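*Asks:* what follows is a predicted protein model with its sequence.
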Amino acid sequence: MNAKEYKELVDSELEKYFCGDNMPQKGLFESMKYSLTAGGKRIRPILVLEFCRITGGDVNKALPVACAIEMLHTYSLIHDDLPCMDNDDLRRGKPTNHVVYGECTAVLAGDALQAEAFGTILRSELPAEVRANCAEILADAVGADGMCGGQFLDMLGENKLLSEEELNEINTRKTGALLIAACRMGVAAGGGTATQMEAASMFGAAIGAAFQIRDDMLDVISNKEILGKPIGSDEKECKNTYMALLGYEKCLDMIEKLTTAAKHSLCQGFDDTDFLCTLADNLVTRLN
C-alpha cells in the first residue's frame, strides 16, 4: 500500500467507532468522534501498519492497534488544546473540541479516548501475548515517563530559557515516545524479532526528533490556512522551541542528519524499506 491507501484504510475504520446515537451519553460520543475523524496525516497508524507489513504480519489484524494509537494521539491533542494547556481554538482547520462541546466534555472525551485506545488493542483478534505487548508499549510511551511527563516538563519550562539538552528531554517524551511506540507496536503486531524492534525504535526516535523540529519551524514560517491552526502560538505562550533556540539554518541541518540516521537504522533490521524512507523524507519537508 502507499500512504494514501493506508490513510484511507485507517480513516474508514475509525468511522466505525463511537456511534452512540441511541445512548444517553451520545454527546460524549459525538465529541470523541468529532476530533477522531477531524482529519490529520495518520502518521502513527501508518507506521504501525507498515512495520507490521515489513515484519511479515497481517495488516488487517493490526488495524485495531493502528486505530488505537490514533485514539491515544487524538486524546493528547484535545487536552493540549484546552485553556489550561495551550489554549488553542483551532486544530486541523476546525474549531477545537472544547470550543465546540465545552471544556468539561472535551476533558471527558480525551479521558474516554485514552481508555478506549487500550480497550481497542485488548479486544482485537491478535494473539493474547501480542495484545499485551502492544498495550504495554503504548502505556510506557504515554505515561509519567513518556508523553504526559514530557507535557509536564514543557509547561514547567514556560517563561524559562532552556538548553538544547533540556529541550530534547521534553520532546523525546512529548513527541518522540508515541512515534517510537507506533513503530514498536507494528513490529510486535507482525511478530518481529528483537533486532527489528531495536531498529524500529531507532527509526522512531530519529523521525520523532526531526518531526518536532519541523513543527517548531512551521509555527514560524507557515501560515494559518496551510497549517490549520494559528501560527506564532509558541512565541505567544512563551514556549521553548528549536527555532527560538537554534535558528532556521541549524534546524534544517539537524533535520537532514536525523532523517539520514532514521533511514540508516532501518537497514539493521529490514529489507523492504522504500516506503518508510520516503515517509521520513516527506515528514520533514511537509508544510502542515
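*Replies:* Sure, I can see it.
*Asks:* what mean pLDDT does stretch 1-8 get?
*Replies:* For stretch 1-8, mean pLDDT rounds to 93.
*Asks:* and if you look at stretch 92-109?
*Replies:* Across stretch 92-109, the average pLDDT comes to 96.
*Asks:* I'd like the numbering to begin with 29 instead of 1 from here.
*Replies:* With the count now opening at 29, the last piece we talked about shows up as stretch 120-137.
*Asks:* quick check: buried residues in that stretch?
*Replies:* Thr124, Asn125, His126, Val127, Tyr129, Thr133, Ala134, Val135, Leu136, Ala137 (16 or more other CB atoms under 10 Å). C-beta: built from backbone N, CA, C; applies to glycine.
*Asks:* ok, Leu118 touching Thr124?
*Replies:* Yes - using CB atoms under 8 Å, Leu118 is in contact with Thr124, at 6.4 Å.
*Asks:* between the buried residues of stretch 120-137, which sits nearest Ala234?
*Replies:* Distances from Ala234 to the buried residues of stretch 120-137, taken as CB to CB, are shortest for Thr124 (30.1 Å).
*Asks:* need the phi and psi values for the closest one.
*Replies:* Taking degrees, to the nearest 10, you get phi -70, psi 160 for the backbone angles of Thr124.
*Asks:* would you agree it is in contact with Asp116?
*Replies:* Yes - between Thr124 and Asp116 a contact is recorded at 5.7 Å, counting by CB under 8 Å.
*Asks:* can you list residues touching both of the two?
*Replies:* Common contacts of Thr124 and Asp116 (CB atoms under 8 Å, 6 or more residues apart in numbering): Asp109.
*Asks:* in this protein, where is pLDDT below threshold?
*Replies:* The chain contains residues with pLDDT under 70 at 251-266.
*Asks:* list the buried ones in the longest helix along it?
*Replies:* In the chain, with assignment by DSSP state H, the single longest helix is helix 222-249. Buried residues in helix 222-249, defined by neighbour count with 16+ other CB under 10 Å: 224-247.
*Asks:* tell me which stretches of this structure form strands.
*Replies:* Here the chain has its strands, by DSSP state E, at 118-119, 122-123.
*Asks:* any chance of those strands in TSV, plus distance to Gln296?
*Replies:* Output for the strands of the chain, formatted as TSV (distance: least, CB to CB, whole Å):
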stretch	distance to Gln296
strand 118-119	36
strand 122-123	40
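*Asks:* of all those, which lies closest to Ile165?
*Replies:* Proximity to Ile165 (CB to CB) singles out strand 118-119 among the strands of the chain, at 26.2 Å.
*Asks:* relative to that closest one, what are the paired strands and their orientations?
*Replies:* Under the criterion DSSP bridges, strand 118-119 sits next to strand 122-123 (antiparallel) in its sheet.
*Asks:* without its sequence neighbours, what residue ends up closest to Glu194?
*Replies:* Computed as CB to CB, 6 or more residues apart in numbering, the closest residue to Glu194 that is not its neighbour in sequence is Gly185, at 6.8 Å.
*Asks:* sorry, slip of the keys, the one I care about is Lys291.
*Replies:* Sequence neighbours aside, Cys305 is the residue nearest to Lys291 in space, at 4.7 Å (criterion: CB to CB, 6+ apart).
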